[in-house]
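K.L.:
I'll drop the sequence and a predicted model, then ask my questions.
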Amino acid sequence: MASLRSEPGNYIRYFEATGPAELLTLLTHTRLVRINRATDALEPALAESWTTGDGVTYTLKLRPDLKFSDGAPFTSADVVFSFKAVTEAPGSVLASSLRIAGKPPVVTAVDPLTVTIAFPQRFAPALRLLDNVPILPRHKLEAAFNAKTMHEAWTPARPLTEIAGLGPFVLAEHVAGQRLVFTRNPHYWRRDQNGVALPYLDRLTVAIIPDQNAEALRLDAGSIDLMANADIQPGDYARFKRLSDEGRLQMLDGGIGLDPNVLWFNLKPRAGHPKPWILRKEFRQALSYAADRQALADTVYLGAAVPIYGPVTPRNATWFSASAPAYPHDPAKARELLSSIGLRDANGDGILDDAAGRPVRFSILVQHGHAIRERAVSVLQQQFRAVGIGADVVNLEFGAIVQRWMKAEYDSVFHGFQGSATDPAMTLDFWLSSGSTHFWNPAQPVPATPWERRMDELMLKQATAASLEERQRLFAEVQRIFGEELPALYFVVPKVTIAASTRVQNLQPAAQIPQLLWAADSIAVSSSTPRPQ
């Protein structure tokens, strides 16, 4: 049994950009190629091989005799349908990540087991981009796509029997707020090195446990075997280390993480903004100077974290730029910046006021029950208060945060995003102003600011550059701009320690969430190691 802190609202990854939706996809669907999250290497999946002659058009040979979980045959027609749906279906959150130079790739069926994928122009990590697209069954979803209702086809309100996939498991039960139950897909195509059909597990239950502390207690008690977000809280380390020494748990060192928490602001322009100082980069820079990152690492993570200043962490060594702007703890510099934009304490109450005499306060939405984020926001709240900025913490359920974000009804959010790739060209949906996960102001028809327009230009250039060195140079400039404008603030990245029951075997830990269940088809459970009672 595994655990998850929230649950998917849509069973088609095309329409939901959340960790639960990605986990469900990893368990029930498959891509043409996949990125091994433990090694970051590109591996064959539904496509067993590929060739290219010009760096623009790729020819992929599909594995023969594959079937969906309902027994229907898989062919190139499903590939063509999937790419058409992911790029054209209303509400697709993946569409922008597949556009190169504003255009999606052209996918053509040559024969039932061969497809060509032609990109509009050279795209450096082209094949890696295919890891973004789970292949879905045309026979199940084409009618809904044609009716423009595909986003409603596979939701918790619809029968699970409507779902079919090429992944290792089938979603057999979803009890809202309680559990997801997956059973073995008898038609799954992968085998281990000895020719044994995967997955090894006949059944995988994922309990929904919103509270992080409760989740850890369940792992401690042995009622769950692992967590989808498998890294343990620093405060639990000593207890889990003792359980590991007793042989009840195994602990794996995952190194420095790739997915830090982030404080982002609502930078969507609007007339008569009640808090216009939020839109000023000097305000956001001041908050970054006000943050004592080492104190945050020591207090919240008990030292098991390192300070960072941007979305790319040192773990991503190929793309991390050490020359990006840094903001060491400097309250005096923070106050200087705040004063430069006309924010002063007019009445001596310790909180700055704007030109209209309004106190400088903003709200921070944070997920209720996520202990690390709740504690981190509490520390940041105190650090911001020390330079005269009031921060009001609002604890909400995950779904409520998403709704407020989508409606742009918030000041700021402190949350974490699950990185989908290490190559920045694979995360254009985040970096480009038109991207649906450009979260401070998503899906812009045209860039709202000159700096976002410049980032767009640089990202598109680096995605098509011929050499790694040129791509790194261009992306370093993107990180510089991001670090100066600070639409989002990054503070620390944790060192990842992964815990799981000793019953669980064949684990392949990765830095990205879900650190263990990304390779659930190869996980096994030892029958000789009983659960603790």
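P.N.:
Yep, that arrived. Residues are numbered from 1 along each chain as shown.
K.L.:
Next up, phi/psi of Asn347, please.
P.N.:
phi -120, psi 10 (degrees, to the nearest 10).
K.L.:
and it, how many neighbours?
P.N.:
10 (other C-beta atoms under 10 Å). In this view, the C-beta of every residue, glycine as well, is placed from N, C-alpha and C.
K.L.:
ditto for Ala89
P.N.:
Using other C-beta under 10 Å, Ala89 is surrounded by 21 other residues.
K.L.:
what does Pro186 give?
P.N.:
By the criterion of other C-beta under 10 Å, Pro186 has 10 neighbours.
K.L.:
secondary structure class for it?
P.N.:
Secondary structure, DSSP: H, G, I helix; E, B strand; the rest coil: Pro186 is coil.
K.L.:
How about Thr51?
P.N.:
Taking three-state DSSP, the label given to Thr51 is strand.
K.L.:
got the contact list for it?
P.N.:
Tyr58, Thr59 (C-beta atoms under 8 Å, 6 or more residues apart in numbering).
K.L.:
Tell me what it is bridged to.
P.N.:
Beta bridges link Thr51 to Thr59 when assigned by DSSP bridges.
K.L.:
Pull the contacting residues for the closest residue to Arg373 other than its chain neighbours.
P.N.:
Leaving out its chain neighbours, the residue that sits closest to Arg373 by C-beta to C-beta, 6 or more residues apart in numbering is Val366, at 5.2 Å. With contact set as C-beta under 8 Å, 6+ apart, Val366 has these partners: Arg373, Glu374, Val377, Val393, Val394, Asn395, Leu396, Ile401, Val413, Phe414, His415.
K.L.:
Could you check how far Val366 is from Val107?
P.N.:
Distance from Val366 to Val107, counting by C-beta to C-beta, to the nearest Å: 41 Å.
K.L.:
thinking again about what came up before, just checking, which of the contacts of Val366 belong to helices?
P.N.:
Arg373, Glu374, Val377, Ile401 (DSSP state H).
K.L.:
didn't the second one look like it was pressed against Val394?
P.N.:
No. At 11.2 Å, Glu374 does not count as touching Val394 under the criterion of C-beta atoms under 8 Å.
K.L.:
for the helix or strand containing Arg242, which positions count as buried?
P.N.:
Per DSSP states H and E: Arg242 is located in helix 237-245. For helix 237-245, burial by neighbour count (16 or more other C-beta atoms under 10 Å) applies to Tyr237, Arg239, Phe240, Leu243, Ser244.
K.L.:
which one of these is nearest Glu484?
P.N.:
Tyr237 (36.2 Å; C-beta to C-beta).
K.L.:
Now do the closest one, the pLDDT please.
P.N.:
For Tyr237, the pLDDT comes out at 79.
K.L.:
okay, now the residue lying closest to it once chain neighbours are set aside: neighbour count?
P.N.:
Here the nearest residue to Tyr237 in space, its sequence neighbours aside, is Thr497; by C-beta to C-beta, 6+ apart that works out to 6.5 Å. Residues near Thr497, counting by other C-beta under 10 Å, number 21.
K.L.:
so who does Thr497 touch?
P.N.:
The contact partners of Thr497, by C-beta under 8 Å, 6+ apart, come to Asp231, Ile232, Tyr237, Phe240, Met251, Leu252, Asp253, Gly254, Ala304.
K.L.:
For Val262, see how far away it is.
P.N.:
Distance, Thr497 to Val262, by C-beta to C-beta: 21 Å.
K.L.:
average pLDDT for stretch 215-227?
P.N.:
Across stretch 215-227, the average pLDDT comes to 88.
K.L.:
Which residues does that stretch contact?
P.N.:
1-5, 207, 209, 232-233, 236, 239-240, 243, 248-249, 499-501, 503-504, 516-517, 525, 531-533.
K.L.:
May I see the buried residues of that stretch?
P.N.:
In stretch 215-227, counting by 16+ other C-beta under 10 Å, buried: Glu215, Ala216, Arg218, Leu219, Asp220, Gly222, Ile224, Asp225, Leu226, Met227.
K.L.:
And the buried residues of helix 237-245, which is closest to Ala425?
P.N.:
Tyr237 (36.0 Å).
K.L.:
okay, the residue nearest to Leu249 when sequence neighbours are not counted: pLDDT?
P.N.:
Counting by C-beta to C-beta, 6+ apart, Leu243 is the residue found nearest to Leu249 once chain neighbours are left out, at 4.3 Å. We have a pLDDT of 86 for Leu243.
K.L.:
and if you look at Thr116?
P.N.:
pLDDT recorded at Thr116 is 97.
K.L.:
likewise the one 3 residues further on?
P.N.:
On pLDDT, Phe119 comes in at 91.
K.L.:
cool, the one 4 residues further on as well?
P.N.:
Model confidence at Phe123, given as pLDDT, is 86.
K.L.:
mind checking how far it is from Tyr58?
P.N.:
10 Å.
K.L.:
try Val394
P.N.:
For Val394, the distance to Tyr58 (C-beta to C-beta) stands at 47 Å.
K.L.:
Looking at these two, which is more packed in?
P.N.:
Between Val394 and Tyr58, Tyr58 has the larger neighbour count (other C-beta under 10 Å), namely 22 against 17.
K.L.:
On the pLDDT front, check the more buried one for me.
P.N.:
Note on Tyr58: pLDDT of 95.
K.L.:
residue contacts, it?
P.N.:
Applying C-beta under 8 Å, 6+ apart to Tyr58 gives the contacts Trp50, Thr51, Thr52, Thr116, Ile117, Ala118, Ala126, Leu127.
K.L.:
for Ser244, same thing?
P.N.:
Residues in contact with Ser244 (C-beta under 8 Å, 6+ apart) are Gln250, Met251, Ala499.
K.L.:
Name the nearest of those relative to Asn266.
P.N.:
Closest to Asn266 out of these is Ala499 (35.9 Å), distances taken as C-beta to C-beta.
K.L.:
Could you double-check that that closest one lies in contact with Asp253?
P.N.:
No. Contact between Ala499 and Asp253 fails when scored by C-beta under 8 Å: they sit 11.1 Å apart.
K.L.:
who's more crowded, those two?
P.N.:
The neighbour comparison of Ala499 against Asp253 (other C-beta under 10 Å) goes to Ala499, with 24 against 9.
K.L.:
Work out the sheet partners of the helix or strand encompassing that one and label each with its direction, please.
P.N.:
Counting by DSSP H and E, the element that carries Ala499 is strand 492-501. Strands adjacent to strand 492-501 in the sheet, as given by DSSP bridges, are strand 226-231 (antiparallel), strand 249-256 (antiparallel), strand 305-307 (antiparallel).
K.L.:
Leu136: which of those strands is closest?
P.N.:
Proximity to Leu136 (C-beta to C-beta) singles out strand 226-231 among those, at 22.2 Å.
K.L.:
Quick check: of the contacts of Tyr58, which has the highest neighbour count?
P.N.:
Counting by other C-beta under 10 Å, top hit in the contacts of Tyr58: Ile117 with 24 neighbours.
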